[in-house]
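From the sequence below, what's the structure:
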Amino acid sequence: MTGLTDIKAAARKAAFARRKLAYDSHGPGQAAILSEVLAGYRGVPLAGYMPIRTEISPLATMAEAAAYGPVSVPVIRAAGQPLWFSRWEPDCEMVDGPFGASIPALGEDILPEIVIVPLVAFDRKGGRLGYGGGFYDRTLEGLRARGPVLAIGFAFSAQEADDLPLEPTDQPLDMLVTERDIITF
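Predicted coordinates for the structure are as follows:
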């Protein structure tokens with residue numbers, strides 16, 4: 001590892017530590033502001049995610065949204081490929097998927113118009129540092145080539161960073177929602 005790879009690894013390590021502290025100190029109600037934002041988009045196909053490790057959980061908001069329209073979660077089909085999105089409902093049968101995230105047992109594909117994006121760190125310019133696999137960057141690029149899509153980063157406010165090591169292939173967020181704020185770009 002050299003150069004940008006080392007810088008990104010260090011940024012991820014610091015962000016994971018901040019996220020863990022935030023995760024350990026926050027109780028229920030983390031997604032209240034996300035729910036408020038998405039109330040204005042009822043019925044629009046939505047992609048959320050199944051939280052892993054210390055990620056902030058969008059599950060309460062996803063359950064609310066499922067009452068009005070299709071909700072899906074990402075499915076990794078192969079390394080180096082964009083994500084697919086499979087229909088999710090609050091009580092649907094789930095199975096183990098790659099990287100420790102659960103996925104719906106029945107794989108009905110959904111094309112989302114809003115994507116709630118998990119992340120490791122974010123900045124106030126719409127930059128996002130993910131896990132390093134490029135899945136969301138490839139996915140957002142492909143979705144945006146098909147038409148409008150709203151990419152909403154969802155994170156603890158403690159995950160904010162001043163200077164993220166970004167590359168030209170990194171897809172920007174349109175909005176960031178934390179347990180305390182709404183940040184638009």
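
correct me, but P172 touches D123?
No - under the criterion of CB atoms under 8 Å, P172 makes no contact with D123, lying 9.9 Å away. Every C-beta, even on glycine, is put in place using the N, C-alpha and C of the backbone.

who's more crowded, these two?
Set side by side, P172 and D123 show unequal neighbour counts under other CB atoms under 10 Å, the larger going to D123 at 19 against 15.

show me the contacts for the more buried one.
E160, A161, D162, D163, L164 (CB atoms under 8 Å, 6 or more residues apart in numbering).

which residues does the spatially most central residue of the chain bridge with?
Central residue check for the chain by CA atoms, centre = their mean: the C-alpha nearest the mean position is that of V117, 1.8 Å away. Taking DSSP bridges as the rule, V117 bridges to G153.

Could you verify my assumption that it touches L150?
No - shown here, V117 and L150 do not form a contact pair, counting by CB under 8 Å, at 10.2 Å.

Next secondary structure element downstream of the helix-or-strand element of the chain with minimal mean pLDDT?
In the chain, no helix or strand scores lower on mean pLDDT, DSSP states H and E than helix 4-25, which sits at a mean of 85. Next in sequence after helix 4-25, counting helices and strands by DSSP states H and E, comes helix 32-39.

ok, W84 to Y131 distance?
From W84 across to Y131, the span is 18 Å (CB to CB, to the nearest Å).

Would you map the strands across the chain?
With DSSP state E applied, the chain shows strands at 46-47, 71-75, 84-87, 94-96, 102-104, 114-117, 121-122, 128-129, 150-154, 175-177, 182-184, listed in chain order.

Next, format those strands as TSV and append distance to A14 and mean pLDDT.
Rendered in TSV, the data for the strands of the chain read as follows (distance: least, CB to CB, whole Å; pLDDT from 0 to 100):
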stretch	distance to A14	mean pLDDT
strand 46-47	28	98
strand 71-75	25	97
strand 84-87	30	96
strand 94-96	30	94
strand 102-104	28	93
strand 114-117	20	98
strand 121-122	8	96
strand 128-129	10	94
strand 150-154	18	98
strand 175-177	18	98
strand 182-184	20	96
